[in-house]
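**Q** how would this look folded up:
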Amino acid sequence: MTIKQLKTQAEWEQIHALSSYAFDVNHNEIQKENFFKLCSIAKNFGDVLNGTLTSSLMLIPFDVSLFGKFIKMGGIGNVASYPEHRGQGNIRHLFNKVFSEMKNDQILVSYLAPFSQPFYRKFGYERLFIEQELTVPSEVLKFVEVRDGYKVERIKEDNREARKERLALYNCTLGRKHGNNQRSLTWYECCQTRADNHHLAVVRDEQDQLVGYLDYKFDKEDVIISEMIYETTAALKMLLNFLTSHRSSFKNFIFGSLEDTSFLEYFDDTRVSKIYQTNGMMARIVSMSSFLEQLPIKKTIDGEVYLKVTEDVCAWNQGIIHWSFQDGVSKVTWVEAESQVATIPHYEASIGRWTQVLLGGMSLEKALNLGFVSCTHEDDFLGTVLLKGQPFLKDHF
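**A** Numbers count the residues shown, from 1 in each chain. Model (predicted):
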């Protein structure tokens, strides 16, 4: 077994062949080109046996918003093995290598899309994101009052400059939501392989500046909206009116992966609208001490807590951290002797559960009630320090 980074086109061809077999996909030439573009921005690792790739894993770098502060995130994708090499520990060796790479690159958190939550929980990942799909029957939609000067138009030719413009709008709006990633142009273009019935519509203001766009397609009786991005309320109204103009031709309007459904308040009777929620991507903290040093906190009174981390994969996280606060500034140090925590609140959890609590996927109170976090003292100081907010993620890797 030889774990190595795969950097050449020939090696990427082997990754593509493995991924195509493992996930049963048959890429056209454009999709294949985009796969290699993705390889070019990622760090690709594989297990090579006698010159042949047996297993592979892709590490894609992103910047994500952590309560308004951008940090480095490692997106894990294309985790695959040929069937004759499964169950031999190849993937575990790949993850060990990738976690060390992320630590060295100062990547603080990692996300992935699980085929099995129990499988990835063995590597410290835990459920974090909730995906929402909204179905709005056509009879719910109605036209809303909009301001003069804004205009909406469909895009017939999608060139690179147009993509750059949409990308900039996305990154300054939805891309700033807690938990979500900023998109690079290469990443965005890799994800833009569309079906023939894919459509784009944009909204421009009085100065002809892009302030909103729709990414949608038609599927029999339904309109599928994959993205509805807007910078202003007027842009949102224009996009909703544009969709409403289709209501006589379609039965349902389905909004995928929504961060906010409050625009339903523009409509009179939404009882027949349905929101479907599923568990989405999983996440884990790569380096607990480095993460805490970067974690935004509430301005709070001075104090201190001890956090014990149980970790089976990344040995550098195993142990007890002293987290102190003075004048709104936090300090993180490792504790050598557990006897030091005798008289100060001492919380304990696995790295996965700490990921949920510290990133806002589960409140500290709920984690304590469910027994996922334990505390040796009755004290709510940690709860007064942590910021709250359910993380959101639009993209999959």
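
**Q** in the stretch 151-300 of the chain, which spans are strands?
**A** If DSSP state E, counting those that start in this stretch is used as the criterion, the strands of the stretch 151-300 of the chain fall at 151-154, 198-204, 210-219, 222-230, 252-255, 274-279, 282-285.

**Q** same check, this time on the stretch 1-150 of the chain
**A** 2-5, 43-49, 52-66, 69-81, 109-112, 126-127, 130-137.

**Q** Out of these, which one sits most buried?
**A** Per residue and on average, the most neighbours among the strands of the stretch 1-150 of the chain fall to strand 109-112, with a mean of 24 (mean count of other C-beta atoms under 10 Å). The C-beta positions use only the backbone N, C-alpha and C, and glycine is treated the same way.

**Q** pLDDT below threshold where in the stretch 201-350 of the chain?
**A** For the stretch 201-350 of the chain, the stretches with pLDDT under 70 are 338-343, 345.

**Q** again, 50 this time
**A** For the stretch 201-350 of the chain, applying pLDDT under 50 flags no range at all.

**Q** need the helices for it, in chain order.
**A** Using DSSP state H, counting those that start in this stretch, the helices of the stretch 201-350 of the chain run over 233-244, 288-294.

**Q** okay if I get the ones you listed as TSV plus mean neighbour count and distance to L370?
**A** Output for the helices of the stretch 201-350 of the chain, formatted as TSV (neighbours: other C-beta atoms under 10 Å; distance: least, C-beta to C-beta, whole Å):
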stretch	mean neighbour count	distance to L370
helix 233-244	21	37
helix 288-294	18	21
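
**Q** circling back to that earlier point, tell me which of the strands of the stretch 151-300 of the chain lies nearest to Q326.
**A** Q326 sits nearest to strand 282-285 of all the strands of the stretch 151-300 of the chain, at 23.5 Å, using C-beta to C-beta.

**Q** ok, back up a step: of all the strands of the stretch 151-300 of the chain, which lies closest to Q132?
**A** Comparing the strands of the stretch 151-300 of the chain by their distance to Q132 (C-beta to C-beta), the top pick is strand 274-279, with 5.5 Å.

**Q** In CSV, list the C-alpha atoms belonging to the closest one.
**A** Presented in CSV, the C-alpha positions along strand 274-279 are these (Å, rounded to 0.1, in the frame of the first residue of the first chain):
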residue,chain,number,x,y,z
LYS,A,274,-44.7,22.0,1.7
ILE,A,275,-41.3,22.2,3.3
TYR,A,276,-39.2,19.0,3.2
GLN,A,277,-36.2,18.8,5.4
THR,A,278,-33.4,16.3,5.2
ASN,A,279,-30.0,15.9,6.9
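
**Q** distance of L368 from I351?
**A** According to C-beta to C-beta, to the nearest Å, L368 stands 17 Å off from I351.

**Q** Of the two, which one has the most company?
**A** Counting neighbours by other C-beta atoms under 10 Å for L368 and for I351 shows that I351 has the greater number, 22 against 18.

**Q** sorry, back to before: hey, which of the strands of the stretch 151-300 of the chain is tucked in deepest?
**A** Comparing these by mean neighbour count (mean count of other C-beta under 10 Å), strand 282-285 ranks first with a mean of 26.

**Q** partners of it in the sheet?
**A** Paired neighbours of strand 282-285 in the sheet (DSSP bridges): strand 109-112 (antiparallel), strand 126-127 (antiparallel).

**Q** ok, and what's touching the last one?
**A** With contact meaning C-beta atoms under 8 Å, 6 or more residues apart in numbering, strand 126-127 is reached by Q117, N279, M282, A283, R284, S350, G352, R353, T355, Q356, G361.

**Q** possible to save the residues you listed as TSV with distance to E101?
**A** Output for these, formatted as TSV (distance: C-beta to C-beta, whole Å):
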residue	distance to E101
Q117	24
N279	27
M282	19
A283	17
R284	15
S350	22
G352	20
R353	24
T355	19
Q356	24
G361	25
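
**Q** of those, closest to S257?
**A** For the contacts of strand 126-127, the closest approach to S257 (C-beta to C-beta) belongs to N279, at 13.0 Å.

**Q** Give me the distance between the closest one and R271.
**A** For N279, the distance to R271 equals 26 Å [C-beta to C-beta].

**Q** likewise T278?
**A** Remark: distance between T278 and R271 (C-beta to C-beta) = 22 Å.

**Q** ok so, going back, out of the strands paired with strand 282-285, which is closest to D327?
**A** When these are compared by C-beta to C-beta, strand 109-112 sits nearest D327, at 26.7 Å.

**Q** Could you tell me how far that closest one lies from the centre of the chain?
**A** Centre-to-centre, strand 109-112 and its host chain are 8 Å apart (C-alpha atoms, centre = their mean, to the nearest Å).

**Q** and the closest residue to L236 other than its chain neighbours, what is it in contact with?
**A** Spatial nearest neighbour of L236, chain neighbours left out: Y230 (4.3 Å); criterion: C-beta to C-beta, 6 or more residues apart in numbering. By C-beta under 8 Å, 6+ apart, the residues touching Y230 are T173, V203, V211, G212, L236, L239.

**Q** hmm, 7 Å instead?
**A** Going by C-beta atoms under 7 Å, 6 or more residues apart in numbering, Y230 touches V211, G212, L236, L239.

**Q** can you redo those as JSON lines with distance to I301?
**A** Below are those laid out as JSON lines (distance: C-beta to C-beta, whole Å):
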{"residue": "V211", "distance to I301": "42"}
{"residue": "G212", "distance to I301": "43"}
{"residue": "L236", "distance to I301": "40"}
{"residue": "L239", "distance to I301": "45"}
